[in-house]
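Peer 1: Here is my input, please return the structure:
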Amino acid sequence: MISDQPHAADLLLQARREFIEGVLPNISSESRYKAAMVLRAMELAERELNTDHELEQKLLAQLRQLLASEEPESALTGILSQQLREGGFDASQQLYELLQLAVVFKLRVTDPLKLSGDLEDRLANL
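Peer 2: Numbering: from 1, shown residues only. Got it, this is the predicted structure:
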């Protein structure tokens, strides 16, 4: 269904632009820290809205395959934790690589400047 509503990421981008151009210049020095926190939260939300959900699903599929589980996403962390406690993945290169890619995926949202080139390339080729 076609919607004439703007996308949330577009709205957030416009709100951030207005905040930077219209509000920030008029904020007192005492309020600048709070304003910076608001801007940071808006940036994180914008990147999260623009997350590559297809890539996220590929990572989730690899985790399900590794755990040999079709449980819902919300249960997978608990299953992984239990198997780790039981020694199920001691020295598992496959799990190590999957966790590295999961961290890179999360860094794309939280702190993209910290991304390593080769890990980013591996994630892109997933």
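
Peer 1: what's the spacing between residue 59 and residue 5?
Peer 2: 30 Å (CB to CB, to the nearest Å). (Glycine included, C-beta is placed from N, CA and C.)

Peer 1: what about these two, which has more around it?
Peer 2: Neighbour tally, residue 59 and residue 5, criterion other CB atoms under 10 Å: the higher count belongs to residue 59, 17 against 7.

Peer 1: Which residues are in contact with residue 123?
Peer 2: By CB atoms under 8 Å, 6 or more residues apart in numbering, the contact set of residue 123 is 55, 101, 104-105.

Peer 1: Write the PyMOL selection for whichever of the residues you listed are buried.
Peer 2: This is how PyMOL selects the buried members of the contacts of residue 123, with burial counted by 16 or more other CB atoms under 10 Å:
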select buried, resi 101+104+105
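
Peer 1: The contacts of residue 123: which two are farthest apart?
Peer 2: When CB to CB is used, the two most widely separated members of the contacts of residue 123 are 55 and 104, lying 10.2 Å apart.
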